[in-house]
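Chemist: can't give you the sequence, but here's the structure:
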């Protein structure tokens, strides 16, 4: 008999609606049991059996809940994760894990002391585009990697309707929001860099939070750039990986977010399937022959993350994204802000 993990979600904004509730609903190992909504009861319109609480504190008092998803504004992550752990709950927390690395270290220690799972929702590890990039890098078909560039660009002059993202303050801006994805992918591919240089700017007319960044991550031979701009009408490929014997060029092509926004559930046919025109270009040398071909993209699936959480809770498998991974991301972000302010390379 399948053990059911009763789960509460701290917010039912875009994150709750798109990235968490559908996966909890479809996975037979979870039950989307409770949600915090202070005024609108949108969750019950789609999930009639969900319990609605008006505060996180009220939901944490529910003894039936085994897992809490902390998907509130970035600056609240530390307080809500700490409260959930102290209430004896396992926790999935949205990226970025915390605003400061020392906060993440404290929470990781607290979870370990209580024997609870604390996992960070770095879901872009499960994008179709990143998965094929990782496959190519790890295959050795490019030789020693010398240069890598990862982009997450948008074209959007207007400010976000999510007011908490545009008011400034701890944990706001594109580097925390989108940069945490790119930095996590770079670290997962290449390990922790030795140093970082950064240029972080505000480029939209009415913005007060950073909406442009370029980071250079320094390794022994490799230089990895992660870049984002909100004013790129014609985007470059999202991944450009160059090795000693070959290159791999890949667009940003994962379709899961678009599918979720259309109201599809992650058990729908062709979930996360990449279109052939989005396949990545491999140009390298294999067995002495120059090869130039397109590599089929697989399917992205954020359910792999939630299944990993289930296996960690029920079968003591490895945490799919342990807090130590996410703390590395925050360390790079903090060093990047220091670099941009001081105009110099910061050693990690």
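Modeler: Ah, there it is. For clarity, every value in this text was computed on a predicted model and none was experimentally measured. Numbering: from 1, shown residues only.

Chemist: Quick check: chain neighbours aside, which residue is closest to residue 192?
Modeler: Leaving aside its sequence neighbours, residue 192 sits nearest to residue 328 (CB to CB, 6 or more residues apart in numbering; 5.5 Å). Quick note: C-beta positions are derived from backbone N, CA and C, even for glycine.

Chemist: ok, how many other residues are close to the one you found?
Modeler: Using other CB atoms under 10 Å, residue 328 has 21 other residues around it.

Chemist: Please give the element, helix or strand, for it.
Modeler: In the assignment (DSSP states H and E), residue 328 maps to helix 323-342.

Chemist: Does anything pack onto that helix? Which helices or strands?
Modeler: Here helix 323-342 touches helix 101-114, strand 118-121, helix 180-190, strand 195-201, strand 212-218, strand 346-347, going by 3 or more CB pairs under 8 Å, 6 or more residues apart in numbering; DSSP states H and E.

Chemist: now with 10 Å?
Modeler: strand 90-94, helix 101-114, strand 118-121, helix 180-190, strand 195-201, strand 212-218, strand 346-347 (3 or more CB pairs under 10 Å, 6 or more residues apart in numbering; DSSP states H and E).

Chemist: and that helix, which residues are buried?
Modeler: 323, 325-337, 339-340 (16 or more other CB atoms under 10 Å).

Chemist: Surely residue 174 is in contact with residue 226?
Modeler: No: the pair residue 174 / residue 226 is not scored as a contact, 11.1 Å apart, by CB atoms under 10 Å.

Chemist: Next one: the residue nearest the centre of the chain from residue 324, what distance?
Modeler: Closest residue to the average C-alpha location of the chain: residue 122 at 3.0 Å, with CA atoms, centre = their mean. Distance of residue 122 to residue 324, given as CB to CB, to the nearest Å: 12 Å.

Chemist: With adjacent residues omitted, what lies nearest to residue 309?
Modeler: Closest to residue 309 by CB to CB, 6+ apart is residue 119, at 5.6 Å.

Chemist: What about the one you found, how many residues nearby?
Modeler: 25.

Chemist: same deal with residue 58?
Modeler: 12.

Chemist: Pull out the buried positions in the helix or strand where it lies.
Modeler: Assigned by DSSP H and E, residue 58 falls within helix 56-60. Buried residues in helix 56-60, counted by 16+ other CB under 10 Å: 56, 59-60.

Chemist: Would you reformat these as a markdown table and include pLDDT?
Modeler: Shown next, in a markdown table, are these (pLDDT from 0 to 100):
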| residue | pLDDT |
| --- | --- |
| 56 | 97 |
| 59 | 98 |
| 60 | 98 |
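
Chemist: Can you tell me which of the residues you listed comes closest to residue 288?
Modeler: Checking those against residue 288 by CB to CB gives residue 56 as the nearest, at 60.9 Å.

Chemist: quick one: low-confidence parts of the stretch 101-250 of the chain?
Modeler: Low-confidence segments of the stretch 101-250 of the chain, defined by pLDDT under 70: 163-164.

Chemist: Let's see that with 80 instead.
Modeler: 160-168 (pLDDT under 80).

Chemist: what number of residues lie near the nearest residue to residue 250 once chain neighbours are set aside?
Modeler: Of all residues not flanking residue 250 in the chain, residue 280 sits nearest, at 3.6 Å (CB to CB, 6+ apart). For residue 280, the number of neighbouring residues by other CB under 10 Å comes to 24.

Chemist: Done for today, thanks.
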